[in-house]
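1. just to be clear, the model below is a prediction. Sequence and coordinates:
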Amino acid sequence: MMHGNMFWLPTSFLHNVCLLGPTKRKKLEWDTRLCIALGTAQGLAYLHHDCSPRIIHRDVKSSNILLDKDFEAHLTDFGIAKSLCISKSHTSTFIMGTIGYIDPEYARTSRLTEKSDVYSYGIVLLELLTGRKAVDNECNLHHLILSKTANNTVMEAVDPEISATCKDLGEVKKVFQLALLCTKRQPSERPTMHEVTRVLGSLVPSPFLNNQSQSLLHHSYPLKSPPIWMSMQISRLPIW
C-alpha cells in the first residue's frame, strides 16, 4: 500500500520460509535460489546506491530475507539501519549485527561502510549454496568454506538439492567465487552490490530475469523501477 511516496508491504503477504538445515519446509531448486540471491542483492544495491542519503542495513542475514508466495525476496528489519552522511565519519562504540554475519573488519575497527553489508550478504550466499547456517554448533560456515576451498573440495559442501536441479554446476562454482569475493578480509577487495547484481543477473535464466522485480524494501523506503542487469565479466573472481 502507498503512504505518501512510500511503499509499505503488509507482513501478512510475506513468509519467513526456513531455507536451512533439516527443518527446512520447502525444497528450493537452483534457479529459485539464484532469484532469491538476485532479489536480495538488488534490494541492497538500492539502499547503497540509489537512496539519498545512502543506507547501510547492518543486519543482513537469512532470517531478515522474507519470501512472498512467488519466492521473491523482500529485505526486512531496518531497526538498526544507518543512513550515511558524506561529511561525517561512521564509527561507533557498539558493534551492531548478528554473530556469523558481522564483517570482521567492522568488528575490529568499528568503521561502518557499505562493504560491511556486502560481507554479510556473502555469508547469506554461502547459506543458500550449502543449506547450512552461518554458525551451527560452533561450526563457522565461512571458515569451513575457506578450508574446503584451500583443499579444492568446496563443491562437496553444495546442498544436494542444488546438485539435483542445477543443469550447469559451473554456475554454482561462480556463485561460490562471488561469495568468497564478498567475504574478503579487506573491504576494498569486495565488490559493490551493483557488481554483485550484474554477476547474478548474468546467471539467472531469462524467463526468471524477465519476471524479477526489484526486492521490495519492507518499512518505508520508496522504490524505483527495477534495473535489467546485463552480463558482466568475472575475471576478478578466483578460479580453482
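-> That came through, no problem. As the structure is a prediction and not an experimental result, all values here were calculated from the model.
2. and the helices in the chain, which stretches?
-> Using DSSP state H, the helices of the chain run over residues 30-45, 104-109, 114-130, 141-150, 160-165, 169-182, 193-203, 206-211.
3. low-confidence stretches in this protein?
-> Applying pLDDT under 70 to the chain flags residues 1-26, 78-93, 207-240.
4. picking that back up, make a markdown table out of the helices of the chain and add mean neighbour count and distance to residue 66.
-> All C-beta atoms are positioned from the backbone trio N, CA, C, and that covers glycine. As requested, those are exported to a markdown table (neighbours: other CB atoms under 10 Å; distance: least, CB to CB, whole Å):
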| stretch | mean neighbour count | distance to residue 66 |
| --- | --- | --- |
| helix 30-45 | 24 | 10 |
| helix 104-109 | 15 | 25 |
| helix 114-130 | 25 | 13 |
| helix 141-150 | 16 | 21 |
| helix 160-165 | 14 | 20 |
| helix 169-182 | 20 | 21 |
| helix 193-203 | 22 | 19 |
| helix 206-211 | 11 | 18 |
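5. any chance of these in TSV, with distance to residue 97 too?
-> What follows is the helices of the chain, written out as TSV (distance: least, CB to CB, whole Å):
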stretch	distance to residue 97
helix 30-45	14
helix 104-109	8
helix 114-130	7
helix 141-150	14
helix 160-165	27
helix 169-182	15
helix 193-203	17
helix 206-211	30
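6. quick check: closest non-adjacent residue to residue 75.
-> In this structure, residue 75 finds its nearest non-sequential neighbour in residue 43, 3.9 Å apart by CB to CB, 6 or more residues apart in numbering.
7. which ones are touching residue 170?
-> Neighbour list for residue 170: empty [criterion: CB atoms under 8 Å, 6 or more residues apart in numbering].
8. quick one: it and residue 58, what's the gap?
-> Using CB to CB, to the nearest Å, residue 170 is found at 34 Å from residue 58.
9. swap in residue 125?
-> With CB to CB as the criterion, residue 125 and residue 58 are 18 Å apart.
10. same check on residue 180?
-> Applying CB to CB, the value for residue 180 to residue 58 is 22 Å.
11. returning to that earlier point: right, and the residue nearest to residue 75 touches residue 73 too?
-> Yes - because the distance of 7.1 Å satisfies CB atoms under 8 Å, residue 43 is recorded as touching residue 73.
12. OK, contacts around the spatially closest residue to residue 60 that is not a sequence neighbour?
-> Distance criterion CB to CB, 6+ apart; nearest residue to residue 60, sequence neighbours excluded, is residue 120 at 3.8 Å. Residue 120 sits next to 57, 59, 60, 61, 97, 101, 102, 103 when contact means CB under 8 Å, 6+ apart.
13. same check on residue 37?
-> Residues near residue 37 by CB under 8 Å, 6+ apart: 73, 124, 125, 128, 175, 200.
14. what's the answer for residue 165, then?
-> Listed by CB under 8 Å, 6+ apart, the contact set of residue 165 reads 29, 30, 31.
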